[in-house]
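> Prediction below, plus the sequence it came from.
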Amino acid sequence: MLTTIILLTGSRDQQLALTELLKAHNPALSFRCAVTEQDLQAIGRDVLAESRLLAFTTGVIVPSEILQALGHGAYNFHPAPPDYPGWAPAHFATYDGATRFGATAHVMEPRVDCGAIVGVETFDIPRGVDVRGLEQMTFVRLAYLFWRMSHDLACHTGPLPVLPIGWSGIKSTRRMYAEMCDMPADIDAAEMARRISAFHDDFRGIPLTVTLHGMRFRLDGAACPSVAPVALDAPALAMAS
């Protein structure tokens, strides 16, 4: 019997709205909220056996033993379409010059972004939108996808229907992101402009840098989406740690 929803979110501010939405469909539900893996580990196995886990905009990788202990499955809401699995997808989509983006709900597996897909929302990317704008648009679609699926998540005890859609594309990682942010001295102007446009926002504390004469410098100031040559003036650079 489904008695509890475990909400794993990026911040506790998100949990109240999601709780109220699910409770409106099934007032009998109990809720446990988590932000960290330690929060999840503190939940007893007897509770997990009657629970469904819903992960929404979180970077926490749920341990396999917790996934196996859940009696009613686990679903993740990923802020990207199925062709952008992995880390910082909006940044890589911006770098690729993607024209469509979206949000995906999928079954959680021990490996990230590989489980069966149960929900998708897509949209056209407006011309000229930057990474932050794309992330905001994606969050709105992700929230809509959660809302659209909320009745089934709260009321249906069995597995949700799987869509005939598979994951594709390269699964991005934190290491891949860091490598894109570490620009070599001989980078050409067009490639540098692409990286500035996509990665110059210090995401998760990873700055955009360039290495000159054996020293690594961090780029400061506004991003430049132009493909014109980018001047590396001293005021625009700061020594990276």
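Yep, that arrived. None of the values given here were measured: they were computed from a predicted structure. Residues are numbered from 1 along each chain as shown.

> Report how many residues lie close to Met176.
By the criterion of other Cβ atoms under 10 Å, Met176 has 15 neighbours. Backbone N, C-alpha and C define where each C-beta goes, glycine included.

> contacting residues for it?
When contacts are counted by Cβ atoms under 8 Å, 6 or more residues apart in numbering, Met176 touches 86-87, 92.

> rerun that using 6 Å as the cut-off
Counting by Cβ atoms under 6 Å, 6 or more residues apart in numbering, Met176 makes contact with nothing.

> By neighbour count, which bits of the helix or strand encompassing it are buried? Give me those.
Assigned by DSSP states H and E, Met176 belongs to helix 174-181. Residues of helix 174-181 classed as buried: 177, 180-181 (neighbour count, 16 or more other Cβ atoms under 10 Å).

> ok, of the residues you listed, which one's closest to Gly214?
Set against Gly214, the nearest of the buried residues of helix 174-181 by Cβ to Cβ is Cys181 (18.1 Å).

> Pretty sure that closest one sits against Thr211.
No - judged on Cβ atoms under 6 Å, Cys181 makes no contact with Thr211 at a distance of 11.3 Å.

> Can you tell me what sits against stretch 106-114?
By Cβ under 6 Å, 6+ apart, stretch 106-114 touches 64, 74, 76, 85-86, 115-117.

> rerun that using 8 Å as the cut-off
53, 55, 61-64, 67, 73-76, 78, 85-86, 115-119, 159-160, 162, 167, 171.

> Let's see which of the residues you listed end up in strands.
53, 55, 74-76, 78, 117-119 (DSSP state E).

> Which residue, other than its chain neighbours, is closest to the residue sitting furthest away from the middle of the chain?
Within the chain, the residue lying farthest from the chain centre (Cα atoms, centre = their mean) is His213, at 35.6 Å. What sits nearest to His213 in space, not counting adjacent residues and going by Cβ to Cβ, 6 or more residues apart in numbering, is Ala185, at 7.5 Å.

> Run a quick neighbour tally on that neighbour.
The burial count for Ala185: 12, using other Cβ under 10 Å.

> Domains in the protein, by residue range?
4-155, 174-239 (automatic domain parsing).

> Comparing the ones you listed, which comes out most buried?
Stretch with highest mean neighbour count among the domains of the chain: domain 4-155 (a mean of 18; mean count of other Cβ atoms under 10 Å).
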